[in-house]
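**Q** structure here, sequence nowhere to be found:
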């Protein structure tokens with residue numbers, strides 16, 4: 001993976017209708033801005049209940065976008081990351097519908113995880129209460145089979161997302177088949193989506209247990225055999241994230257978005273500095289993604305302290321809601337479906353109250369901290385909350401999943417503010433210092449001073465939070481002041 005800024009986007013929400021259109025966009029308006037692109041689910045269908053994360057056919061590109069030849073053509077222009085949706089598939093899939101019709105006589109019977117797969121002798125109340133839940137409902141859905149019998153199927157997220165038994169021969173073959181398809185299409189990196197939930201075991205939380213690490217390790221080896229690098233997507237307590245990072249190619253730095261808000265809101269970089277002293281270096285850094293702004297990643301876990309103290313974290317969340325004029329409240333928690341208990345749904349620009357200077361500061365911090373930066377397509381244009389789409393779908397995360405038209409993109413890219421952001425992208429992509437050594441220089445908590453050094457080349461960020469001044473100095477760019 002190139003040490004350059006990566007784009008994360010849906011194919012059809014960035015002014016494109018097809019993969020061929022996206023290829024043209026990367027070679028024209030977005031040329032030079034990104035070293036790679038993470039394509040959010042492009043499988044059939046892209047417009048399911050969870051925006052493609054509930055594939056009916058993981059091995060088929062939605063025909064509205066193109067086919068595998070189109071993806072292969074794009075991969076020759078830019079590095080491609082794709083999602084391997086490890087944990088589940090759509091209830092509308094051929095495989096699950098065959099299972100509902102034929103029951104245990106179905107050739108796919110072993111592919112799916114049911115209540116009795118994990119609890120063959122039944123579960124105690126404590127067994128159920130121990131299961132880690134990202135959402136308030138139980139992880140089971142009652143399905144009726146053609147013969148009239150009923151069974152509880154494991155559905156970690158929604159009733160349309162049926163969990164796969166990844167330990168079965170059928171489950172193993174299913175995932176390996178997707179890896180083979182990716183390899184043939186030129187995908188060079190995969191994100192293991194929801195992999196923390198993939199292994200279920202009675203008497204455990206069924207989330208990131210010891211066997212999960214074994215599963216990730218085995219799947220990573222299979223990817224490496226196909227020259228594919230692996231990014232593991234886990235929202236979890238920060239110490240758990242450090243443990244995970246030691247065992248995989250890449251992890252997300254999901255703590256960074258809230259820590260940057262904490263730094264700017266409170267004019268205090270102390271919590272961010274503490275994290276940068278211990279944060280994984282094999283990280284993909286983000287401020288925004290297709291999901292919300294994660295809170296669990298900086299919060300406490302039981303008696304263990306988080307990266308941000310409880311009361312201060314509550315105030316940060318309240319400030320996001322205030323800055324967005326209450327719109328984020330309409331998209332978060334019980335206010336919208338597809339409930340997620342660990343995140344606030346809001347664009348990052350609106351979380352900062354639409355403050356252009358603060359937004360550029362946030363992006364500059366992201367580009368200077370250790371890791372490979374990834375920029376979400378809405379964030380590329382400093383997008384605002386899409387209340388119309390939220391009202392239409394009542395899916396909280398859709399507030400940050402706007403469908404940009406080609407005209408909108410061309411207009412946004414001409415804004416002086418967005419052109420300034422583009423200059424930052426190019427600077428991060430081209431300056432050799434970022435391939436060298438990171439140093440967090442000692443200052444008081446109201447100042448953030450970061451320096452990268454690579455031989456005689458250097459790049460330096462100096463942010464005075466009290467004065468609101470940010471300076472960038474480097475070995476071949478004149479001093480820049482925001």
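**A** Looks like it came in fine. As the structure is a prediction and not an experimental result, all values here were calculated from the model. Numbering: from 1, shown residues only.
**Q** list the contacts for the residue nearest the centre of the chain?
**A** The centroid of the chain falls nearest to residue 289 when counting by CA atoms, centre = their mean (5.2 Å). Contact analysis of residue 289 by CB atoms under 8 Å, 6 or more residues apart in numbering lists 8, 374, 376. (C-beta placed from N, C-alpha, C; glycine too.)
**Q** can I take it that residue 397 is in a helix?
**A** Yes: looking at residue 397 with DSSP: H, G, I helix; E, B strand; the rest coil, it is inside a helix.
**Q** tell me how far the residue nearest to it when sequence neighbours are not counted lies from residue 412.
**A** Leaving aside its sequence neighbours, residue 397 sits nearest to residue 345 (CB to CB, 6 or more residues apart in numbering; 5.4 Å). Residue 345 sits 22 Å away from residue 412, going by CB to CB, to the nearest Å.
**Q** quick one: which of the two has more around it?
**A** Between residue 345 and residue 412, counted using other CB atoms under 10 Å, residue 345 has the larger neighbour count: 29 against 18.
**Q** go ahead and confirm that one touches residue 400.
**A** Yes: Residue 345 is in contact with residue 400 according to CB atoms under 8 Å; the separation is 6.4 Å.
**Q** what is in contact with these two at once?
**A** Both residue 345 and residue 400 are contacted by residue 292, under the criterion CB under 8 Å, 6+ apart.
**Q** what's the local residue count around residue 252?
**A** Residue 252 has 25 nearby residues by other CB under 10 Å.
**Q** secondary structure element for it?
**A** strand 250-253 (DSSP states H and E).
**Q** what comes into contact with that strand?
**A** With CB under 8 Å, 6+ apart, strand 250-253 has contacts from 1, 229-234, 241, 244-245, 279-280, 282-286, 369, 371-372.
**Q** which residues in the stretch 251-400 of the chain form helices?
**A** For the stretch 251-400 of the chain, the helices defined by DSSP state H, counting those that start in this stretch cover 256-266, 270-276, 310-323, 348-351, 356-368, 377-380, 387-393.
**Q** neighbours of residue 44, just the number please.
**A** Residues near residue 44, counting by other CB under 10 Å, number 21.
**Q** show me what it bridges to in the sheet.
**A** Residues in a beta bridge with residue 44, per DSSP bridges, are residue 57.
**Q** show me what contacts it?
**A** 55, 56, 57, 60, 61, 62, 63.
**Q** which regions of the stretch 201-350 of the chain sit below the pLDDT cut-off?
**A** 333-341 (pLDDT under 70).
**Q** repeat the analysis, applying 90 as the threshold.
**A** By pLDDT under 90, the weakly predicted segments of the stretch 201-350 of the chain are 234-237, 240-241, 243-244, 246-248, 296, 301-302, 330-343.
**Q** residue 189 versus the nearest residue to residue 365 once chain neighbours are set aside, what's the distance?
**A** Nearest residue to residue 365, sequence neighbours excluded (CB to CB, 6+ apart): residue 260, at 5.5 Å. Distance, residue 260 to residue 189, using CB to CB: 25 Å.
**Q** in this structure, where's the longest helix?
**A** Secondary structure of the chain per DSSP state H: the longest helix is helix 169-185.
**Q** ok so residue 458 is a strand residue?
**A** Yes: assessed with three-state DSSP, residue 458 lies in a strand.
**Q** residues touching it, list them.
**A** Residue 458 neighbours (CB under 8 Å, 6+ apart): 433, 451, 452, 473, 474, 475.
**Q** want to throw those into JSON lines with neighbour count and pLDDT?
**A** Compiled in JSON lines, these are given as follows (neighbours: other CB atoms under 10 Å; pLDDT from 0 to 100):
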{"residue": "433", "neighbour count": "20", "pLDDT": "97"}
{"residue": "451", "neighbour count": "19", "pLDDT": "98"}
{"residue": "452", "neighbour count": "21", "pLDDT": "98"}
{"residue": "473", "neighbour count": "15", "pLDDT": "95"}
{"residue": "474", "neighbour count": "20", "pLDDT": "95"}
{"residue": "475", "neighbour count": "15", "pLDDT": "93"}
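**Q** which of those sits closest to residue 408?
**A** residue 474 (32.8 Å; CB to CB).
**Q** what sits against that closest one?
**A** 427, 431, 433, 457, 458, 459, 460.
**Q** whichever of the residues you listed end up buried, select them in ChimeraX.
**A** The buried residues among the contacts of residue 474 can be selected in ChimeraX (16 or more other CB atoms under 10 Å) with this line:
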select :427,431,433,457,458,459,460
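**Q** could you measure from the residue lying farthest from the centre of the chain over to residue 319?
**A** Most distant from the centre of the chain: residue 147, at 40.5 Å, with distances by CA atoms, centre = their mean. For residue 147, the distance to residue 319 equals 55 Å [CB to CB].
**Q** re the thing from before, out of the helices of the stretch 251-400 of the chain, nearest to residue 67?
**A** Closest to residue 67 of the helices of the stretch 251-400 of the chain is helix 377-380 (CB to CB; 22.3 Å).
**Q** elements contacting that closest one?
**A** Contact partners of helix 377-380 among helices and strands, from 3 or more CB pairs under 8 Å, 6 or more residues apart in numbering; DSSP states H and E: strand 6-9.
**Q** centre of the chain to the strand it packs on, how far?
**A** 10 Å (CA atoms, centre = their mean, to the nearest Å).
**Q** now swap in stretch 80-90 and tell me
**A** 12 Å.
**Q** could you do stretch 290-298 as well?
**A** Taking CA atoms, centre = their mean, the mean C-alpha location of stretch 290-298 is offset from the chain mean by 9 Å.
**Q** if you count neighbours, what's buried in it?
**A** Neighbour counts over stretch 290-298 (16+ other CB under 10 Å) mark 290, 291, 292, 293, 294, 295, 296, 297, 298 as buried.
**Q** how many residues are close by the nearest residue to the first one once chain neighbours are set aside?
**A** Meaning residue 290. Nearest residue to residue 290, sequence neighbours excluded (CB to CB, 6+ apart): residue 40, at 5.6 Å. Per other CB under 10 Å, the neighbour tally for residue 40 reads 25.
**Q** again with residue 137
**A** Residue 137, neighbours per other CB under 10 Å, totals 12.
**Q** likewise for residue 467?
**A** Applying other CB under 10 Å, we find 10 residues neighbouring residue 467.
**Q** helix, strand, or coil at it?
**A** Under three-state DSSP, residue 467 falls in the coil class.
**Q** ok, now how distant is it from residue 270?
**A** 17 Å.
**Q** who are the contact partners of residue 460?
**A** By CB under 8 Å, 6+ apart, the neighbours of residue 460 are 449, 450, 451, 452, 471, 472, 473, 474.
**Q** need the phi and psi values for the third one.
**A** Just to be clear, that refers to residue 451. Per-residue torsions, residue 451: phi -130, psi 130 (degrees, to the nearest 10).
**Q** was I right to think it contacts residue 441?
**A** Yes: here residue 451 reaches residue 441: they are 5.9 Å apart, a contact under CB under 8 Å.
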